[in-house]
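the sequence and its predicted three-dimensional model are supplied below.
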Amino acid sequence: MKGQNVSCEKSQRTEKAFYCSVMILFHAYKTGRGRSVTAAPPDLLLRLPAPRMKIAVLGATGQTGQFLIKQALEQGHTVTAIVRNPAKLAVHNDNLKVVKADIFAAESLKDHFKDQDVVMSCLGFPASFFSGVTGYTMSMAAVVSAMREARVSRLIAMTSWYTEPNSGTQSSYLIRFLLLPMIRSVLSNMYEMEQSLAKTQDINWTVVRPPGLKNLPATAQEFLTHEGYFVPESNNQPPRSAVGRGDVARFMLSLLNSNAWVKKGVAITTK
């Protein structure tokens, strides 16, 4: 009898999962007839386990990268942290592998990208008043080349609001005339990197553009998103001009199970 009960419970769970899958496919047919679904009934999605993935993380020792790794491990993903100095990453987990590599050399990266499901980049480079910033474009050229050799096609990268030179004209006086000139060298190279990604045909990239970053953990706040270089005001309410790094990591990881922003740049903030 006990064996029969266990068998019955397994059968019921299988039937329930099958029912949820059928309902989601039916919802996709009704709303898009083959198009990607931007929103599905959340109660159905919550019943299905999220797939576990193999993630290569660049910028893993940075503040946002550390939030990303922590959350990815908590979600059961397997993470390969690609760093310059492994000693800087004081995280230990059976699902975490820390490797040393040169982010500007495809040959150094390609072996670490093999068998990965996705590459996620939280790389950041400091502003320079006396010379242009080139780290974003140079590293991304190596990353894309290494992804091609390793046959990995999914890329999620973080940049910033206002990368496009004219996108900050509606921002506040302080941002427009003080902050943006200070970091223009960074934003310009980010924009150049974004433009190079837009020309790729074989990489399923997504660029995530947060506003100012605060060193805060993830919350449960709803995201505001916009396909553009900033999130515009809504109902005469200006959007938040800063967001927690933990929430940026949360949004990036949410893209693992979504095709909504493939080959697009999405500006984000929280309500």
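Received, thanks.

tell me where the stretch 151-271 of the chain has helices.
For the stretch 151-271 of the chain, the helices defined by DSSP state H, counting those that start in this stretch occupy 173-174, 180-198, 245-254.

Leu213 and Ser241 touch, don't they?
No. Under the criterion of Cβ atoms under 8 Å, Leu213 makes no contact with Ser241, lying 10.8 Å away. Where you see a C-beta, it was placed from the backbone N, CA and C, and this is true even at glycine.

out of the helices of the stretch 151-271 of the chain, which gets nearest to Phe125?
Of all these, helix 180-198 sits nearest to Phe125, with 6.6 Å by Cβ to Cβ.

does anything pack onto the closest one? Which helices or strands?
In this structure, helix 180-198 packs against helix 135-150, strand 154-158, strand 204-209, with contacts taken as 3 or more Cβ pairs under 8 Å, 6 or more residues apart in numbering; DSSP states H and E.

ranking the ones you listed by burial, who's on top?
Highest mean neighbour count among the helices and strands packed on helix 180-198 (mean count of other Cβ atoms under 10 Å): strand 154-158, with a mean of 24.

I'd like to know which elements that one is packed against.
Looks like strand 154-158 contacts strand 118-121, helix 135-150, helix 180-198, strand 204-209, helix 245-254 (3+ Cβ pairs under 8 Å, 6+ apart).

ends of stretch 122-131, what's the gap?
End-to-end distance for stretch 122-131, by Cα to Cα, to the nearest Å: 22 Å.

list the buried residues for it?
In terms of neighbour count (16 or more other Cβ atoms under 10 Å), stretch 122-131 has its buried residues at Cys122, Leu123, Gly124, Phe125.

contacts for that stretch, please.
With contact meaning Cβ atoms under 8 Å, 6 or more residues apart in numbering, stretch 122-131 is reached by 57-60, 62, 64-65, 68, 103, 133, 135-136, 139, 157-158, 182-186, 189, 249.

wait, Asn85 touches Val99, no?
No. Asn85 is beyond contact range of Val99, at 11.5 Å (criterion: Cβ under 8 Å).

which one of those two is surrounded by more residues?
Using other Cβ atoms under 10 Å, the more surrounded residue of Asn85 and Val99 is Val99, with 15 against 9.

give the contact list for the more buried one.
Val99 sits next to Thr80, Ala81, Ile82, Val83, Pro86, His112 when contact means Cβ under 8 Å, 6+ apart.

helices - which of the residues you listed land there?
In helices, defined here by DSSP state H, the members of the contacts of Val99 are His112.
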